[in-house]
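Peer 1: what follows is a predicted structure for the sequence shown.
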Amino acid sequence: MKIGFELNGKAASLEIEPRETLAEVLRARCRLTGVKLSCEAQVCGSCTVLVDGLPVSACTYLAYEIRDKRVTTIEGLADPPGRLHPLQQAFLDHFAFQCGFCTPGMILAAKSLLDENVHVSDEEIIAYMSGNLCRCTGYLGILKAIRQASAEMKATWKENRSTS
Ligand code: FES
Ligand code: FES
């Protein structure tokens, strides 16, 4: 079947098999290998991408479901291309990764959280991020990074409010 969708801000269309997962399609056909596969059972969050701004586990999400929707992967986050998203910069600043395997999914889940509510508490960050597992870092750097990005995005949010 042929599907049309938006991929990282650009119109896209693909011929896919109805049984193919979104992770298979993004990695193998779109060459977006920032989508990581680990448990492949909707447990670890490594494969998280955003569909219409909300996080989904691409390992179990069927690709045909993205028809007419917006898909964002880690490759589409820097905006404009080349300038890191505040979350990407904050993960670097706080060394919030070691092997980096969980990082794309972590950052995309955190983006969805901060887009929904930039005024989050630590408790809300911890609860929201509980579906994204990391085997390396111990989570403190990740929490600090999300906190930093939230503060930066809050400042931009205030600035936009005062100029609108
Ligand atoms: S690889 Fe999809 S949730 Fe673990
Ligand atoms: S940095 Fe290695 S799994 Fe998270």
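Peer 2: On my side now, so go ahead. Ligands and ions are numbered 1, 2, ... in the order given.

Peer 1: need the contact list for residue 70.
Peer 2: Going by CB atoms under 8 Å, 6 or more residues apart in numbering, residue 70 touches 5-6, 50-53. All C-beta atoms are positioned from the backbone trio N, CA, C, and that covers glycine.

Peer 1: measure residue 22 to residue 106 for me?
Peer 2: 18 Å (CB to CB, to the nearest Å).

Peer 1: so which of those two has more stuff around it?
Peer 2: More neighbours surround residue 106 than the other of residue 22 and residue 106, with 28 against 25 (other CB atoms under 10 Å).

Peer 1: what residues does the chain have near ligand 1?
Peer 2: Taking CB under 6 Å from any ligand atom as the contact definition, the chain meets ligand 1 at 37-40, 42-47, 57, 59.

Peer 1: pull out the buried members of those.
Peer 2: 37-38, 44-47, 57, 59 (16 or more other CB atoms under 10 Å).

Peer 1: check which helix or strand covers the nearest residue in space to residue 120 that is not next to it in sequence.
Peer 2: Distance criterion CB to CB, 6 or more residues apart in numbering; nearest residue to residue 120, sequence neighbours excluded, is residue 150 at 5.8 Å. Assigned by DSSP states H and E, residue 150 falls within helix 140-163.

Peer 1: what about residue 5, which SS state?
Peer 2: strand (DSSP: H, G, I helix; E, B strand; the rest coil).

Peer 1: leaving out the residues flanking it, which one is nearest to it?
Peer 2: Spatial nearest neighbour of residue 5, excluding adjacent residues (CB to CB, 6+ apart): residue 66 at 4.6 Å.

Peer 1: how close does that neighbour get to ligand 1?
Peer 2: Distance from residue 66 to ligand 1, counting by CB to the nearest ligand atom, to the nearest Å: 16 Å.
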